[in-house]
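# Got a predicted structure plus its sequence, pasted below:
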Amino acid sequence: MHEIGNPNKEMTPYWEEVMRNRMETYFEVGRLEMVLKGHWYEHIANNEGIEDDMSLLEFWDSKRPYGNKDVEASIAFNLGWDYKRVLTTEYMPTLVKEEAAQLHELLGDKIKEWESNETAKRVL
């Protein structure tokens, strides 16, 4: 994504409103999980017959887990934060970027826990 504008600019009223009206973290992580799994299943379907058995954790850590290389911008879009599509013309405020990165990490922790539990079940 090319970035236009001043990166040091404070939060605009738009972003302040968006951050005030967010869902609970649990629901945001759940929604991101749904988006991630949708892209993962699409990846698997498109690579059928190709030896690419990428795990969900590997896909989470890939270049485009939510459909775009800019993970934080993809999260903002998929969670409805960028409903006015302002990221096409301005920088993402640091706070918004940090919140998106934190949600991405929370989802990664959830996937790691799930995969470790699944591995433990297979060993038993």
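Structure's in. What do you need? Given the structure is predicted, the values throughout are model-derived calculations rather than measurements.
# burial count for residue 100?
By other C-beta atoms under 10 Å, 25 other residues sit near residue 100. Using the backbone N, CA and C atoms, a C-beta is placed for each residue, glycine as well.
# Please apply the same query to residue 72.
When neighbours are counted by other C-beta under 10 Å, residue 72 registers 20.
# Buried residues, the longest helix seen in the chain. List them.
The longest helix of the chain (DSSP state H) is helix 94-123. By neighbour count with 16 or more other C-beta atoms under 10 Å, helix 94-123 contains the buried residues 96, 97, 99, 100, 103, 104, 106, 107, 111.
# Let me know the closest of those residues to residue 82.
Checking the buried residues of helix 94-123 against residue 82 by C-beta to C-beta gives residue 96 as the nearest, at 8.9 Å.
# what residues are up against the closest one?
Listed by C-beta atoms under 8 Å, 6 or more residues apart in numbering, the contact set of residue 96 reads 11, 15, 18, 19, 72, 76, 81.
# Farthest-apart pair in those residues, please.
Maximum distance among those (C-beta to C-beta): 15.0 Å, for 11 and 72.
# State the distance from the closest residue to residue 111 other than its chain neighbours to residue 107.
Nearest-residue entry for residue 111: residue 57, 5.0 Å, with adjacent residues in sequence omitted and distances by C-beta to C-beta, 6 or more residues apart in numbering. Relative to residue 107, residue 57 is positioned 10 Å away (C-beta to C-beta, to the nearest Å).
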